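> take a look and give me a structure for this.
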Amino acid sequence: MESLPVIDLADFGGAGFERCAREISEACRSIGFFFVVNHGVPASLINQTFARSRAFFDEPVAVKAELAIEKIGGNRGYSGMRHEALDPRAGGDWKEAFNIGLDLRADDPDVLARKPFRVLNAWPATPGFRETLLGYFGACTDLALGIHRAFAFDLGLSLDFFARQFTRPMTTLRLLHYPTTPPGEIGAGEHTDYGNITLLATDEVGGLEVKTRSGDWIVAPPMPGAFVVNIGDCLMRWTNDVYVSNPHRVVNASGRERYSIAFFFDPNPEARVEAIPSCVAAGAAAKYTPILAADYLKMRLDASKPKEM
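As a prediction, this is how the structure comes out:
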């Protein structure tokens, strides 16, 4: 049975860069998912972030609802049970989540101008929460930018091409809690991610399933200390479908609670997402119309809301 490739990033910043870039390229052009190990994000920081997540989700619903996304705006704050329907055919997702983004100041010009996705983070009173999540956000940003250097190398671009599109990104760090799932419910419906890449840390429970190009579902088993990396639709547009954004879902049939941490790496709002020249065959037209990254993200987020909302 097909399985997700495992890519060792131990020497990614040195002599192993081209080897890692080749392996990443192969995964992106086939299944669009891969594990990374020896990635440089400290295990202690990952464990602390999971601990803060559990402490927050243990709070009463009324406390969490004070930080609801509807109140905070900009895709930040708390998303309750069934608030999202990633696969509208399956109904609301059996999960709750908490989002932060780029940590901006109240006097930031983009905040004052009320630009899309430029709002302040909302912070719960959970001890150590803000410091831990910002540390995790920074470490994952460094890893994601490194992976994008590999993309640039593979696609024949200057190595800083993507870095210039991510100077003030719309990145979302999302804590996820999947309570014990009743029969007939699904943790997260079949979907593709919206941004460039996702870095996913999971606990030992598992439940992530990936749909291959042949239409089969394969399990992405928990791998302690590793991240699951997957291509999102925004990067697939940028690469004119050379890189694959494959559907996936969460099916928590364990009878236990499940926690995961998703780092959605989205470009600057004003980044123009259009086909990279090396990804368009000579004489052919690009498959997608150019679009601003903020417009694309808003379109996708709006589509994930349950119909009754």
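> show me how far stretch 147-161 is from its chain's centre.
Stretch 147-161 sits 19 Å away from the centroid of its parent chain (C-alpha atoms, centre = their mean, to the nearest Å).
> who touches the most centrally placed residue in the chain in this structure?
With distances taken as C-alpha atoms, centre = their mean, the chain has residue 264 as the residue nearest its mean C-alpha position (2.6 Å). Each residue near residue 264 by C-beta atoms under 8 Å, 6 or more residues apart in numbering is listed here: 171-174, 193-195, 198, 232. No exception for glycine: its C-beta is placed from N, CA and C like everyone else's.
> which stretches in this structure count as strands?
With strands called from DSSP state E, the chain shows them at 6-8, 33-37, 77-79, 96-100, 172-178, 188-191, 197-202, 208-211, 217-219, 227-231, 248-250, 258-265, 272-273, 291-292.
> can you list those in CSV and add mean pLDDT and distance to residue 106?
Shown next, in CSV, are the strands of the chain (pLDDT from 0 to 100; distance: least, C-beta to C-beta, whole Å):
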stretch, mean pLDDT, distance to residue 106
strand 6-8, 97, 40
strand 33-37, 97, 36
strand 77-79, 97, 16
strand 96-100, 98, 16
strand 172-178, 97, 20
strand 188-191, 91, 33
strand 197-202, 98, 29
strand 208-211, 94, 37
strand 217-219, 92, 45
strand 227-231, 98, 32
strand 248-250, 94, 36
strand 258-265, 97, 24
strand 272-273, 97, 29
strand 291-292, 96, 25
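> out of the ones you listed, which gets nearest to residue 143?
Checking the strands of the chain against residue 143 by C-beta to C-beta gives strand 197-202 as the closest, at 6.5 Å.
> CSV for the strands of the chain, including distance to residue 110?
CSV is the format used below for those (distance: least, C-beta to C-beta, whole Å):
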stretch, distance to residue 110
strand 6-8, 35
strand 33-37, 31
strand 77-79, 18
strand 96-100, 16
strand 172-178, 16
strand 188-191, 29
strand 197-202, 23
strand 208-211, 34
strand 217-219, 41
strand 227-231, 28
strand 248-250, 32
strand 258-265, 19
strand 272-273, 18
strand 291-292, 14
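> still on that earlier bit, tell me the one among the contacts of residue 264 nearest to residue 301.
residue 194 (7.3 Å).
> and the closest one, what's its pLDDT?
Residue 194 is assigned a pLDDT of 94 by the prediction.
> and residue 281, how far from residue 242?
Using C-beta to C-beta, to the nearest Å, we find residue 281 at a distance of 10 Å from residue 242.
> these two: which has the busier surroundings?
For residue 281 versus residue 242, neighbours defined as other C-beta atoms under 10 Å are more numerous around residue 242 (18 against 7).
> contact partners for that one?
By C-beta under 8 Å, 6+ apart, the neighbours of residue 242 are 28-29, 155, 279.
> with residue 35 instead?
Applying C-beta under 8 Å, 6+ apart, the residues near residue 35 are 4-7, 220, 223, 226-229.
> where does pLDDT dip in the stretch 201-309 of the chain?
Applying pLDDT under 70 to the stretch 201-309 of the chain flags the ranges 304-309.
> could you check how far the longest helix along the chain is from the centre of its chain?
Using DSSP state H to define each element, the chain has its longest helix at helix 129-154. Centre-to-centre, helix 129-154 and its host chain are 11 Å apart (C-alpha atoms, centre = their mean).
> likewise stretch 38-48?
17 Å.
> quick one: buried residues of it?
39, 41, 46, 48 (16 or more other C-beta atoms under 10 Å).
> can you check stretch 122-129 too?
Residues of stretch 122-129 classed as buried: 122, 124, 126, 129 (neighbour count, 16+ other C-beta under 10 Å).
> need the max-distance pair from those residues.
Pairwise distances across the buried residues of stretch 122-129 peak at 11.9 Å for 122 and 126 (criterion: C-beta to C-beta).
> can you show me the CA trace of stretch 82-91 as PDB?
C-alpha atoms of stretch 82-91 as PDB (Å, rounded to 0.1, in the frame of the first residue of the first chain):
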ATOM      1  CA  ARG A  82     -19.800  22.200  14.100                       C
ATOM      2  CA  HIS A  83     -18.800  25.800  13.300                       C
ATOM      3  CA  GLU A  84     -17.100  24.600  10.100                       C
ATOM      4  CA  ALA A  85     -18.100  22.200   7.400                       C
ATOM      5  CA  LEU A  86     -15.000  21.300   5.400                       C
ATOM      6  CA  ASP A  87     -17.100  18.900   3.400                       C
ATOM      7  CA  PRO A  88     -20.600  20.400   3.300                       C
ATOM      8  CA  ARG A  89     -22.100  17.100   2.200                       C
ATOM      9  CA  ALA A  90     -21.100  15.600   5.600                       C
ATOM     10  CA  GLY A  91     -22.400  18.400   7.800                       C
END
